[in-house]
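> could you work out the structure for the sequence below:
(chains A and B)
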Amino acid sequence: MSDRLDEELMLAFKGGDGLAFRELFDRYKNSIYGYVRRRVNDPGRAEEITQDVFLALVQHRNGYQVTASFRTYLYRIALNRVASEHRKKKESDPLPEDVPAARSDPAVVQQVREALAQLEPGQREIVMLREYEGLSYEEIAQVLKVPVGTVRSRLFRAKLALRDLLAPRGLEGA
Amino acid sequence: MVKHGVEAEELQAYLDGELTPARQTEVETHLHECRQCAGLLDDLKRVSATLKQWQVEPAPASLRPPAVELEKTRWGWLRLRPAVALAATAAVVLVVAALSLPNLYRSKMTSLERIEPRQEEQLAYKRSAEPAPPPAAVPEVSREVPSPPAKTDAPAARRAVLPAAPSTVGLEGAPAETETKAKTYALEKLEAKDEAASGVAGGVAGRRLEAQKQAAPLTADRVASEDKESRAKSAAAGEQAFAANRQRTESAAARRLIAYHVYLTVEVKEFTASKEKVERLVEEAGGYVAQSSSAETPDQPQQADLVLRVPAEQLQAVLEQLRGLGRVINEQLSSEELTEQVVDLEARLRNARATEQRLIAVLNERTGKVRDILEVEREIDRTRQEIERMEAQRQNLMHRVELATVAVTLLEEFQAQLDSAPVGTATRLRNAFVEGYERFAGMLLGFVFFFARYGLVLLFWGGFLWLTGRLCKRALVRRLRPLVDF
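Coordinates of the predicted model:
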């Protein structure tokens, strides 16, 4: 894997470099799959949506401009695809019932899922983007189209809420 | 917490490395001094650590990068260019319309054609049922005797079909004389039957005499072969009838026989009195009321329709008096010339009587077979019936001439009146409900008929447009979504 920036690779792909796209795919396939998997119940469907996200990247490569980071661009597409999936399935609960857990205690994961599910959607999305995807405040603000200050305050409140939700179950600091 | 110099939110930002380096240092310094903030920071760290326990499996090996080139070459053009998809849809719509419209038109035409040939057939049938037009070569008699009805021309038509005229045969004395005579005899028997049936015995008898005069040898031959004496007497009677016929025709033609019809609408003030006056007036004039009907509906003027039969000579006087009843709204006068019909009928009547006399003479003088006698008697019966029928016809015609027909319509001058007994509220409410129910039922029926008539078409086009719209929308959304976002 080269040390080129994501944006450089994307511009190269836009110029017709197929290998650049392949590198981008390898860099982000797990992240995007993880993002989708935490929000979609069916693993097969999560894989399809992930594929769809990269397909959209291919189809609209000519419209890509370096006005934002590539990550936010990619997560924005993923966010839209997942939202579309939820609309299609008419799902009110955005988190999967069959919680996927790898190398984790399923009971703890279930408690975490339940705690996250109790958050407001705006707070939950910010926490998940921050904790699981590792996006910066600026990137989260771009993905969700909210001010950075809002991201910061919501994230703090969400963390406090999670502390209160997880503490009675003895999970905090587990 | 503000008094600490560090906002609580900044602790999370500090944890995430989102503060500026200078602020990061300040917060770090504060945390060394403030146990409360340090405790909160630990809480936040623990929450993060707990959240991090939810790890999902990596992407499956089956997740492959999309086939870029394949996508581009196969269906990519459709997704990338909604305009192309729209154009293709429009083309499909046009093709479907082009295919379906002629079918619809044809089905409509077929339904019309299905009716029209039937009408044509009916017309053709009517034409065939109508009697054949009279032949061009009419005997001279037709000029002297009023033209008979179409039915009476059938024998003449038959005669025209024959190969040779009797007179010609008689003059030439050809070898085929016997055969021709037989034909002529058969023809005359047919004529006799037709004449009896159509009531033109007299007219044809006259024609026969004329023909006898022109073809004397043939007549003599036939008379000799049957009964010379009776035939001569019959011929004499026929000649007398023919002469009388001419005389009567001339005398009847001298006076004109006209039947009058008058249509009169009069608006009157006193309806009942006017109606009684009309009836009295007709009676005084020597006529009668043939028909009378009247109608009376609330809030409407009364109306009476009377058909009067008035002696023709009194017609003008009666009309004057009828006009004087009120305001004349409509008056029409029509007349029908019946002279020709009466003259013709009288002529035929006289000839029929002459035929009857001749047949009676034949019956009295003839000594032949019983079958022949019975045949003559039957002929006399038929002639008598015909005479009676013609007499009735003549009487009817003369009645129409003698009594003019006046159709009077009396209209009451309408005067609106106050409704002294208004309809009750309950009745009005009930009527309103009934009316509302009828309208509702009508509307429902209208819907049902509408869907029965256009439902399938609407369903087809609605489904087609919905599918097209959905496809276009999907293609458009896929194309535009990332562009909208950024």
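> ok, now which ones touch the residue nearest to the spatial centre of chain A?
The residue lying closest to the centre of chain A (C-alpha atoms, centre = their mean) is A:Tyr35, at 3.8 Å. Neighbour list for A:Tyr35: A:75, A:78, A:82, A:132-133 [criterion: C-beta atoms under 8 Å, 6 or more residues apart in numbering or on different chains]. The C-beta positions use only the backbone N, C-alpha and C, and glycine is treated the same way.
> ok, now A:Ile49?
A:Ile49 neighbours (C-beta under 8 Å, 6+ apart): A:36, A:40, A:78, A:81-82, A:85.
> possible to save those as CSV with neighbour count?
Formatted as CSV, those follow (neighbours: other C-beta atoms under 10 Å in any protein chain shown):
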residue, neighbour count
A:Val36, 26
A:Val40, 25
A:Ala78, 25
A:Arg81, 23
A:Val82, 19
A:Glu85, 20
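> out of these, which sit inside helices?
Secondary structure from DSSP state H places A:36, A:78, A:81-82, A:85 of these in helices.
> so which of these sits lowest on pLDDT?
By pLDDT, A:Glu85 ranks lowest within these, coming in at 87.
> quick check: that one touching A:Asn41?
No - contact between A:Glu85 and A:Asn41 fails when scored by C-beta atoms under 8 Å: they sit 10.0 Å apart.
> show me the strands in the chain, by range?
In the absence of a named chain, chain A is used. With DSSP state E, there are no strands along chain A.
> wait, chain B was what I had in mind.
Under the criterion DSSP E, chain B carries strands at the ranges B:258-268, B:288-295, B:303-311, B:327-337, B:403-412.
> now those as a markdown table including mean pLDDT?
Shown next, in a markdown table, are the strands of chain B (pLDDT from 0 to 100):
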| stretch | mean pLDDT |
| --- | --- |
| strand B:258-268 | 90 |
| strand B:288-295 | 86 |
| strand B:303-311 | 90 |
| strand B:327-337 | 88 |
| strand B:403-412 | 90 |
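> and the residue of the stretch 301-450 of chain B closest to chain A?
B:Phe447 (32.1 Å; C-beta to the nearest C-beta).
> returning to that earlier point: ok, which pair from the ones in helices among the contacts of A:Ile49 is furthest apart?
Spatial extent of those (C-beta to C-beta) is set by the pair A:Ala78 and A:Glu85 at 10.5 Å.
> quick one on the thing from earlier: identify, from the contacts of A:Ile49, the entry nearest to B:Cys34.
The closest of these, once distances to B:Cys34 are taken by C-beta to C-beta, is A:Ala78, at 39.7 Å.
> can you tell me how far the closest one is from B:Thr355?
For A:Ala78, the distance to B:Thr355 equals 118 Å [C-beta to C-beta, to the nearest Å].
> now B:Glu33
Distance from B:Glu33 to B:Thr355, by C-beta to C-beta: 155 Å.
> okay, those two: which has more neighbours?
Counted by other C-beta atoms under 10 Å in any protein chain shown, B:Glu33 and B:Thr355 do not tie: B:Thr355 has more neighbours, with 27 against 10.
> measure B:Val318 to A:Lys88 for me?
93 Å.
> would you pull up the residue in the stretch 51-200 of chain B closest to chain A?
B:Ala59 (3.8 Å).
> right, and that residue touches A:Gln51 too?
No - taking contacts as C-beta under 8 Å, B:Ala59 lies outside contact range of A:Gln51: 9.9 Å.
> one step back: list the residues that contact the residue of the stretch 51-200 of chain B closest to chain A.
A:29-30, A:32-34, A:47, A:50.
> got the ones in helices among the contacts of A:Ile49 as JSON lines, with distance to chain B columns?
Compiled in JSON lines, the ones in helices among the contacts of A:Ile49 are given as follows (distance: C-beta to the nearest C-beta, whole Å):
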{"residue": "A:Val36", "distance to chain B": "9"}
{"residue": "A:Ala78", "distance to chain B": "11"}
{"residue": "A:Arg81", "distance to chain B": "9"}
{"residue": "A:Val82", "distance to chain B": "13"}
{"residue": "A:Glu85", "distance to chain B": "13"}
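> can you pull the poorly scored residue ranges out of the stretch 151-300 of chain B?
Low-confidence segments of the stretch 151-300 of chain B (pLDDT under 70): B:151-254, B:298-299.
> please redo it, this time with the cut-off set to 80
Along the stretch 151-300 of chain B, segments meeting pLDDT under 80 span B:151-255, B:295-300.
> please apply the same query to chain A.
Looking at chain A by pLDDT under 80, you get A:1-2, A:67-68, A:89-105, A:167-174.
> show me the helices in it, by range?
Using DSSP H, helices in chain A cover A:6-14, A:18-37, A:43-59, A:70-89, A:106-117, A:121-131, A:137-144, A:148-166.
> now for B:Gly324, how many residues are close by?
Neighbours of B:Gly324 (other C-beta under 10 Å): 11.
> what's it sitting at in phi/psi?
As for B:Gly324, its main-chain torsions (degrees, to the nearest 10) stand at phi -70, psi -10.
> now do it, the pLDDT please.
For B:Gly324, the pLDDT comes out at 89.
> quick one: residues contacting it.
B:Gly324 touches nothing, counting by C-beta under 8 Å, 6+ apart.
> B:Ser294 now?
So B:Ser294 contacts B:275, B:302-305 (C-beta under 8 Å, 6+ apart).
> how about a cut-off of 6 Å?
Neighbouring residues of B:Ser294 by C-beta atoms under 6 Å, 6 or more residues apart in numbering or on different chains: B:Ala304.
> do you know how far it is from chain A?
Counting by C-beta to the nearest C-beta, to the nearest Å, the gap from B:Ser294 to chain A is 75 Å.
> on that earlier part again, pLDDT score for the residue of the stretch 51-200 of chain B closest to chain A?
Value for B:Ala59, per-residue pLDDT: 87.
> so what's it closest to, chain neighbours aside?
Among residues not flanking B:Ala59 along the chain, A:Tyr33 sits closest, at 3.8 Å (C-beta to C-beta, 6 or more residues apart in numbering or on different chains).
> pretty sure the one you found contacts A:Thr50?
Yes - counting by C-beta atoms under 6 Å, A:Thr50 is a contact partner of A:Tyr33 at 4.7 Å.
> in terms of neighbours, single out the busier of the two.
When neighbours are counted by other C-beta under 10 Å, A:Tyr33 and A:Thr50 differ, and A:Thr50 comes out ahead with 27 against 24.
> report the contact partners of the more buried one.
By C-beta under 6 Å, 6+ apart, the neighbours of A:Thr50 are A:32-33, A:36.
> what's the pLDDT at B:Leu319?
90.
> make that B:Trp54, sorry
86.
> and what of B:Glu356?
B:Glu356 is given a pLDDT of 90.
> now do the same contact list for the closest residue in space to it that isn't next to it in sequence.
Among residues not flanking B:Glu356 along the chain, B:Thr383 sits closest, at 4.7 Å (C-beta to C-beta, 6+ apart). Counting by C-beta under 6 Å, 6+ apart, B:Thr383 makes contact with B:352, B:355-356.
> quick one, helices of the stretch 351-486 of chain B?
Assigned by DSSP state H, counting those that start in this stretch, the stretch 351-486 of chain B shows helices spanning B:370-402, B:425-485.
> go through these and pick out the most buried.
Here the criterion is mean neighbour count by mean count of other C-beta atoms under 10 Å in any protein chain shown, and of those the winner is helix B:370-402, at a mean of 15.
> okay, the angle between it and strand B:258-268?
40 degrees (axes from the mean of the first three to the mean of the last three C-alpha atoms, to 10 degrees).
> run a quick neighbour tally on the closest residue to A:Leu135 other than its chain neighbours.
Setting aside the residues directly before and after it, A:Leu135 is nearest to A:Leu129 in space (C-beta to C-beta, 6+ apart), at 4.7 Å. By other C-beta under 10 Å, 23 other residues sit near A:Leu129.
> if I look at A:Leu129, how far off is A:Leu144?
8 Å.
> find residues that contact each of these two.
Residues touching both A:Leu129 and A:Leu144 (C-beta under 6 Å, 6+ apart): none.
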